[in-house]
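# next one to model:
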Amino acid sequence: MMLSEIPLGRRLRYSLAGLVGGAVAIALPDVSESGFTALSTVLLGDWSILAASSLPLVGAAVGWRLAAWDALLRERIRRLEGGASELAVASQVDRLTGLGTRQALASLGRPSRGALLLIDLDRFKYVNDTLGHAAGDALLVAVAERLRRAAGEEAQLFRHGADEFAVVLPKVTQRAVAEFVCLEIEHALAQPFELAHGRVLAGVSIGATLMTAQDKDISSALHRADLALYGAKEVFGPSHAFHDEKLACEVMEALELERDLSRGFVDGEFYLEYQPIVAVENGDVRSLEALLRWHHPRRGLITPDVFIPLAEKTGIIQVIGKWVVQQACAAAATWPAPTGVSVNVSGDQFKDPYFVTHILDCLVETGLAPERLTIEVTEAVFSIDIDLVCRCLAELRSGGVRIALDDFGTGFSSINNLRLFPLDELKIDRSFACQMLETSQGAKLVDLMHKLSETFQISTTIEGIETKNQLDFIKLLGIGEAQGFLFSKPFAAAEALGYLQARLPRPVASATP
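Numbering: from 1, shown residues only. This is a model prediction of the structure:
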C-alpha cells in the first residue's frame, strides 16, 4: 500500500499523538527534577536541552510513520482473510472437473433422505500409465460431463478421489429409482471416450445405498456405499451393487482375509505341497508341481482360488511368488536328477522388473540345473502386456528354463498367442479329462488340443487323470505326460524325497558264480 493512499485524517491523528507524546516527554523532568534531570545533565551535558526540545517533532514524525505501518498491517490482514476465503471456496470445488470436492461432500451434514452412489473408474490407472497424466485428466473431465447428464439436474456431484466420484440424489427414496440412475450412468460411461490422445474405454463400478434420518452424518452412508462398491468390483464389466447386510458381511470377511494375507505370510502359515507329473507310457515321474497352500489359524485351509486373487489385488503376490520359486528350487535340488519341479507364476509377477533375475538367481544359489525348472503360466497372462511377457519368457527359456502353458482351454486362447509365446509344454485343463470319456465332443477336443501342441512342436500334459480308463484313452491319443489322483494326491514337501527315491529303478543284482 502506497503512503499516498493512507487517509489524511489517520495520518494527522497519528502525528498529533506523536507530537503530544513528545511534549509530555519534555515535561516529565519537572516532575522529578532532583533525579532524572540531574542525571541527564551530568551524563549528556548542555546539548541535551536542545535535543529534548525536538522531541515533539520526532514524536510527530514517528506518528506519521506509524500511520503507514498500521495501514500496511491492515492491508495484509485483509489479504490474508481474503486468501482464506478463497481457499475455503477452492476446498469446495474441484479445479479439474468443476464438481464438489470430498470436503464439500463431508460438509453436507446429516442426511434425512436420498440415495448415495459411489462410482469408481476401472481403467483409469491403465489410461494414466499408457497415455500419460494429461490423458487421465482429460478422461476425468469427460467422465464428469457425462455424469452430469446421466444423473439428472437435481443430482449433487462430487469428485471423491483420484478416480472416484460420488453422486447424491436428494429426492430419491426408492431403490428402484436409484438403480435406474445406476444403469444410466453405466450406459453413459460404457461408450468410448474420444480424447485428443486417442479412443479410451473406461469401465465403471458403482456402490449404492439409501440414506435415512438414522444416519448420524454422511460418513455413515459413505461407509455403506464403499462396502457395496467393493462388492461391485468383484463383477466383471460395468456393474453396480446395493448395500445389504449379507453383502456387507461378505465384503468385511474378504477385507479381513486381505489383511490376514501379509500377517499369515510373515507368520509362516504358507507352505508348499507337491504333486507328481508322470510319463503316460511307463509311469516314470518326470517332475513335481509345487502347489501353494495357506492354513489359516481360524479358517483352516484356504484354497488358492480364494487367496491368489486377493494376493494379486493387494500386490503381495510379488513377495509370495518369489518365496515359492526359492523354496521349490531349493527342494528340487535335493531330489534325484533329472526329476524337475514346476512352479505356477501369476501374470502380475511379470510386472516386477527383477522377475527374471530372481528366478535365475535362485537356480544359481540352489545349484538346480535350469532345465529341471518349469515355469507355468495360465492364459490370463495374455491380458498383460504381451510383449513384456514374451520377453521375460524368452529370456528364461534362453537360460535353459522350461515354459508351460497351464489350464489350457479355459481362458481366451488363440492360435496367434500360441505362436508368439515361447513354450515347451501345453497342459490341458482337468475339466477336459472329466468330459473326454463322457461325450464324443469332449474326446475330440482333447485330441484336437494334443494335435495343436504337436503342430507347435511342444509336449502335452493333461491334468485331472483319476481313472485307469482315462489313462488308457490318453495313452491311445499319444499324450506324453499326465497328472492327477490316479498317480498321487499332493503330499507334503518333507515326503517328496522319499516318494521319488522309492520309485527309482533298482539295480539288477549280479549273478554269483
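# quick check: the gap between His358 and Asp352.
8 Å (CB to CB, to the nearest Å). Where C-beta positions appear, they are placed from N, C-alpha and C, glycine not excepted.
# let me fix that: Glu289
22 Å.
# can you check Asp429 too?
For Asp429, the distance to Asp352 equals 26 Å [CB to CB].
# circling back: the more surrounded of Glu289 and Asp352?
Per other CB atoms under 10 Å, whichever of Glu289 and Asp352 has more neighbours is Glu289, with 25 against 16.
# surely the more buried one meets Gly484?
No - Glu289 lies out of contact with Gly484 (CB atoms under 8 Å); the separation is 11.1 Å.
# quick one: low-confidence parts of the stretch 151-300 of the chain?
For the stretch 151-300 of the chain, no stretch is flagged by pLDDT under 70.
# again, only using 80
Counting by pLDDT under 80, the stretch 151-300 of the chain has low-confidence residues at 236, 247-248, 250.
# ditto for the chain
Within the chain, the stretches with pLDDT under 80 are 1-91, 109-112, 126, 129-130, 236, 247-248, 250, 382-385, 409-420, 504-513.
# longest strand in it, by residue count?
The longest strand of the chain (DSSP state E) is strand 285-296.
# mind listing what's buried in the helix or strand just after that strand?
Helices and strands here follow DSSP states H and E; after strand 285-296, the next one along the chain is strand 300-302. Using 16 or more other CB atoms under 10 Å as the test for burial, strand 300-302 gives Ile302.
# elements contacting strand 300-302?
Counting contacts by 3 or more CB pairs under 8 Å, 6 or more residues apart in numbering; DSSP states H and E, strand 300-302 packs against strand 285-296.
# give me the helices and strands touching the strand it packs on, please.
Other helices and strands packing on strand 285-296, by 3+ CB pairs under 8 Å, 6+ apart, are helix 245-266, strand 270-279, strand 300-302, helix 304-314, helix 317-332, strand 340-344, helix 493-501.
# helix or strand for Leu448, which one?
For Leu448, the host element (DSSP H and E) is helix 440-455.
# name the residues that touch that helix?
Contact partners of helix 440-455, identified using CB atoms under 8 Å, 6 or more residues apart in numbering, comprise 408-409, 415, 418, 425-426, 428, 432-437, 459-460, 462, 473-474, 477-479.
# now those: which count as buried?
Burial by neighbour count, 16+ other CB under 10 Å: within those this picks out 408-409, 418, 425-426, 428, 432-433, 436, 459-460, 462, 473-474, 477, 479.
# angle of the longest strand of the chain against helix 493-501?
Interaxial angle, strand 285-296 versus helix 493-501 (axes from the mean of the first three to the mean of the last three CA atoms, to 10 degrees): 170 degrees.
# strands paired with strand 285-296, and their directions?
Sheet pairing of strand 285-296 (DSSP bridges) gives strand 270-279 (antiparallel), strand 300-302 (antiparallel), strand 340-344 (parallel).
# can I get the ones you listed in TSV including distance to Ala202?
Listed next are the strands paired with strand 285-296 as TSV, based on distance: least, CB to CB, whole Å:
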stretch	distance to Ala202
strand 270-279	36
strand 300-302	33
strand 340-344	32
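# what is the end-to-end distance of stretch 168-180?
One end of stretch 168-180 sits 14 Å from the other (CA to CA, to the nearest Å).
# list the buried ones in it?
Buried positions in stretch 168-180, judged by neighbour count with 16+ other CB under 10 Å: 168-169, 172, 178-179.
# which one of these is nearest to Pro370?
Set against Pro370, the nearest of the buried residues of stretch 168-180 by CB to CB is Glu179 (55.8 Å).
# the helix or strand containing the closest one packs against which elements?
For Glu179, the enclosing helix or strand under DSSP H and E is helix 175-190. The contact analysis (3+ CB pairs under 8 Å, 6+ apart) places helix 175-190 against strand 115-121, helix 133-151, strand 164-169, strand 204-210, strand 239-242.
# list the buried residues in the second one.
Right, the one you point to is helix 133-151. Within helix 133-151, the residues scored as buried using 16+ other CB under 10 Å are 135-136, 138-140, 142-144, 146-148, 150-151.
# could you do stretch 369-383 as well?
370, 372-382.
# Gly480 and Pro370, how far apart?
To Pro370, Gly480 is 21 Å away according to CB to CB.
# swap that for Phe350, please
With CB to CB as the criterion, Phe350 and Pro370 are 19 Å apart.
# same thing with Arg113?
The gap separating Arg113 from Pro370 is 66 Å, by CB to CB.
# now Leu147
From Leu147 across to Pro370, the span is 53 Å (CB to CB).
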